[in-house]
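Novice: please work out how this folds:
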Amino acid sequence: MAEQRWAEIEVAASGDAAQEATGAVMTEIVGAAGYAVSSVAVTAYLPVDDRLENTLLALKAALYEVKRVHKIPGSSDEITIRFVAEEDWATAWKQYFKPQKIGERFVVKPTWEAYEAAPNDVVIQIDPGMAFGTGLHATTRLCLLGLERHIFSGATVADVGTGSGILAVGAILLGAGSAEAVDNDPLAVRIAQENVDLNGVADRVNVFEAAEPPTGEYDFVVANILAHVIIALSAELFRATKPGGLLISSGILAGTSAEQVAKHLTGVGFTDAEIVIEGEWASVVARRPAV
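Specialist: Here you go, the predicted model:
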């Protein structure tokens with residue numbers, strides 16, 4: 001089998017605000033697993049396949065939009081591409097994914113790092129491949145914090161846009177009874193299944209390819225995707241949330257985008273929409289009224 005090649009994508013960006021926004025585009029828009037930051041640039045990795053050209057076009061368009069909307073000084077859409085082998089990509093990625101504590105209990109650790117867990121720690125092991133969701137990004141942390149705050153023993157969970165599977169795994173390790181994890185990217189589905197197996201929860205998590213929330217109603221629906229996708233799926237997300245259940249959504253820029261998401265969710269029937277902010281990012285947590 002031929003060795004996978006990767007495109008190392010470097011985008012010129014200096015200053016915290018520009019680099020945060022550029023890194024968010026890398027992960028949220030084009031699906032990179034994470035990014036590394038130097039003093040003058042943000043770097044991420046994408047697989048070399050037949051989707052790469054379209055992905056790079058989407059990246060350029062998104063960077064232009066970020067600059068236009070947020071007027072970030074020092075931001076640039078200058079992109080440099082270098083092709084590297086699997087071994088080189090793996091080495092580069094491992095340099096910036098380290099164990100991290102999230103909230104009171106979660107610890108997210110890569111498979112290649114040792115970690116001595118405290119008695120109350122909930123340790124999620126992740127080998128992200130090229131799927132989004134390592135816990136490094138604020139949107140993932142916001143969803144994990146939402147689960148930690150609200151989850152209860154035996155709960156049913158739907159994870160829409162599961163990426164690496166981290167949220168479904170985290171919910172189960174906190175005590176949820178079962179989870180349905182869906183993603184429209186077959187690569188993400190494969191990686192999520194690997195992480196589900198790695199964390200020993202395969203008997204309680206069902207991973208499959210789908211572009212919409214799974215059928216049925218769930219105590220918790222988690223959707224760490226993008227604001228416009230959440231808005232487009234708002235009726236389907238309401239349908240998937242059990243009466244009295246909770247939607248935890250993220251992948252949303254704080255400010256106007258978060259307010260628009262909250263408005264649309266309220267418009268389809270959710271109540272008590274709460275916007276939780278970390279830096280430039282937000283989650284919107286909303287409840288479907290009990291019957």
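Novice: alpha carbons only for contacts and neighbour counts from here, please
Specialist: Noted.
Novice: assess the claim that Ile124 and Thr111 are in contact.
Specialist: No: look at Ile124 against Thr111 with C-alpha atoms under 8 Å: they stay out of range, at 9.4 Å.
Novice: ok, those two, which is more surrounded?
Specialist: Ile124 (23 against 17; other C-alpha atoms under 10 Å).
Novice: please compute how far stretch 107-120 lies from its chain's middle.
Specialist: 20 Å (C-alpha atoms, centre = their mean, to the nearest Å).
Novice: tell me the mean pLDDT for it?
Specialist: The average pLDDT within stretch 107-120 is 87.
Novice: so which bits of stretch 174-193 are buried?
Specialist: For stretch 174-193, the neighbour count (16 or more other C-alpha atoms under 10 Å) marks 174, 176-185, 187-193 as buried.
Novice: how about the strands in this structure?
Specialist: 5-13, 36-37, 41-47, 75-85, 100-102, 106-110, 122-126, 156-160, 178-183, 205-209, 218-224, 241-253, 271-278, 281-287 (DSSP state E).
Novice: can I get these in TSV including distance to Ala21?
Specialist: Below are the strands of the chain laid out as TSV (distance: least, C-alpha to C-alpha, whole Å):
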stretch	distance to Ala21
strand 5-13	9
strand 36-37	12
strand 41-47	10
strand 75-85	9
strand 100-102	21
strand 106-110	23
strand 122-126	24
strand 156-160	23
strand 178-183	24
strand 205-209	29
strand 218-224	17
strand 241-253	10
strand 271-278	13
strand 281-287	10
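Novice: most tightly packed of these?
Specialist: Ranked by mean neighbour count, the strands of the chain are led by strand 156-160 with a mean of 28 (mean count of other C-alpha atoms under 10 Å).
Novice: what does it contact?
Specialist: Strand 156-160 is touched from outside by 167-168, 171, 176-183, 212-214, 218-225, 240, with contacts defined as C-alpha atoms under 8 Å, 6 or more residues apart in numbering.
Novice: got any ranges where this structure has weak pLDDT?
Specialist: Counting by pLDDT under 70, the chain shows low-confidence ranges at 1-4, 33-34, 68-77, 86-96, 128-136.
Novice: can you give the domain ranges for it?
Specialist: 5-94, 136-287 (automatic domain parsing).
Novice: output those domains as CSV; include the columns distance to Tyr115.
Specialist: Shown next, in CSV, are those (distance: least, C-alpha to C-alpha, whole Å):
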stretch, distance to Tyr115
domain 5-94, 15
domain 136-287, 15
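Novice: so which of the ones you listed comes closest to Ile102?
Specialist: Closest of those to Ile102 is domain 136-287, at 6.6 Å (criterion: C-alpha to C-alpha).
Novice: and stretch 163-175, which residues are buried?
Specialist: Quick answer for stretch 163-175 (16+ other C-alpha under 10 Å): Gly163, Ser164, Gly165, Ile166, Leu167, Ala168, Val169, Gly170, Ala171, Ile172, Leu173, Leu174.
Novice: can I get it in CSV, CA atoms only?
Specialist: Taking Å, rounded to 0.1, in the frame of the first residue of the first chain, the C-alpha atoms of stretch 163-175 are listed here in CSV:
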residue,chain,number,x,y,z
GLY,A,163,-15.0,14.3,13.8
SER,A,164,-12.5,12.4,15.9
GLY,A,165,-15.4,11.0,18.1
ILE,A,166,-14.1,12.9,21.2
LEU,A,167,-17.5,14.1,22.3
ALA,A,168,-19.3,10.8,22.1
VAL,A,169,-16.4,9.1,23.9
GLY,A,170,-16.4,11.8,26.6
ALA,A,171,-20.1,11.5,27.2
ILE,A,172,-19.9,7.8,27.7
LEU,A,173,-16.9,8.0,30.0
LEU,A,174,-18.9,10.5,32.1
GLY,A,175,-21.7,7.9,32.5
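Novice: having no further points to raise, I will conclude here.
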